[in-house]
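S.K.: okay, sequence plus prediction incoming.
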Amino acid sequence: KAGVTQTPRYLIKTRGQQVTLSCSPISGHRSVSWYQQTPGQGLQFLFEYFSETQRNKGNFPGRFSGRQFSNSRSEMNVSTLELGDSALYLCASSRESLGTGGEAFFGQGTRLTVV
Amino acid sequence: GQNIDQPTEMTATEGAIVQINCTYQTSGFNGLFWYQQHAGEAPTFLSYNVLDGLEEKGRFSSFLSRSKGYSYLLLKELQMKDSASYLCAVRDHQAGTALIFGKGTTLSVSS
């Protein structure tokens, strides 16, 4: 079966712009979590969506937001981009909310470069 | 808060055994994960421990001691393709559903 699909794979934006990233989870999975990965900070949790509801949010500014649709696909949006937002953005799909147990499968990620 | 520590880099030779340690401090431990990540690729799931003891999966094994806040990933019969970053992640009740990741251990396997 298809894995977790993230689009686009690569993106270049300028400071001040906004960006929307997309994640399609594995069929039948209802939980989508987003992470930011940078060389200095490693993988950091952004937020999790389960059945169209945000279940948890990490310690990121309000410029980072997300949503989940009825088909479990999720989008995250970053407004007023800063150079420091350059990172690999990963989404993870799991059957149930991670709080109840179970594996999380990651997509290939979107490499965002802010210039 | 949560804190997860693992060595930054390790080296080993083909055919050898390597142990990657992970120590953690959390207030509401609810499971520990190990992921493998090759450069430029997504992390792939290796193992999940929630109870004390050893979980074995082929060449890979993972151990957990909740009382010591300690886990290790054991890789046997190392192959060149095992060169990758190994990420330890903890789920904590205090953090809800988030996985808290360590910075990762870069393993280099040489012939």
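M.R.: Structure received.

S.K.: quick check: residues of chain B near chain A?
M.R.: Within chain B, the positions lying close to chain A (Cβ under 8 Å from any Cβ of the partner chain) are B:30-31, B:33, B:35, B:41-45, B:48, B:50, B:87, B:89, B:91, B:93, B:95-104. To be clear about C-beta, it is placed using only N, CA and C from the backbone, and glycine gets the same treatment.

S.K.: and those, which of them are buried?
M.R.: The neighbour-count test (16 or more other Cβ atoms under 10 Å in any protein chain shown) marks B:30-31, B:33, B:35, B:42-43, B:48, B:87, B:89, B:91, B:95-104 as buried among the residues of chain B next to chain A.

S.K.: inside strands: which ones of those?
M.R.: Of these, the ones assigned to strands by DSSP state E are B:30-31, B:33, B:35, B:48, B:87, B:89, B:91, B:99-101.

S.K.: JSON lines for those residues, including distance to A:T113 and pLDDT?
M.R.: Output for these, formatted as JSON lines (distance: Cβ to Cβ, whole Å; pLDDT from 0 to 100):
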{"residue": "B:N30", "distance to A:T113": "35", "pLDDT": "84"}
{"residue": "B:G31", "distance to A:T113": "34", "pLDDT": "89"}
{"residue": "B:F33", "distance to A:T113": "29", "pLDDT": "93"}
{"residue": "B:Y35", "distance to A:T113": "24", "pLDDT": "95"}
{"residue": "B:Y48", "distance to A:T113": "33", "pLDDT": "89"}
{"residue": "B:L87", "distance to A:T113": "23", "pLDDT": "97"}
{"residue": "B:A89", "distance to A:T113": "26", "pLDDT": "94"}
{"residue": "B:R91", "distance to A:T113": "31", "pLDDT": "86"}
{"residue": "B:L99", "distance to A:T113": "25", "pLDDT": "85"}
{"residue": "B:I100", "distance to A:T113": "26", "pLDDT": "88"}
{"residue": "B:F101", "distance to A:T113": "22", "pLDDT": "92"}
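
S.K.: which residues in chain B form helices?
M.R.: With DSSP state H, there are no helices along chain B.

S.K.: okay, now the unreliable bits of it?
M.R.: Counting by pLDDT under 70, chain B shows low-confidence ranges at B:1, B:94-97.

S.K.: repeat for chain A
M.R.: A:1, A:96-102.

S.K.: get me the contact residues on chain A for chain B.
M.R.: So chain A meets chain B at A:4, A:31, A:33, A:35, A:41-45, A:48, A:50, A:55-56, A:58, A:90, A:92, A:97-99, A:101, A:103-109 (Cβ under 8 Å from any Cβ).

S.K.: could you find the closest non-adjacent residue to residue 22?
M.R.: Using chain A here. Nearest residue to A:S22 in three dimensions, chain neighbours excluded: A:T7, at 4.9 Å (Cβ to Cβ, 6 or more residues apart in numbering or on different chains).

S.K.: think we crossed wires, I meant chain B
M.R.: B:C88 (3.5 Å).

S.K.: wouldn't the one you found be in contact with B:Q36 here?
M.R.: No. In this structure B:C88 lies outside contact range of B:Q36 using Cβ atoms under 8 Å: 11.2 Å.

S.K.: these two: which is more packed in?
M.R.: More neighbours surround B:C88 than the other of B:C88 and B:Q36, with 26 against 20 (other Cβ atoms under 10 Å in any protein chain shown).
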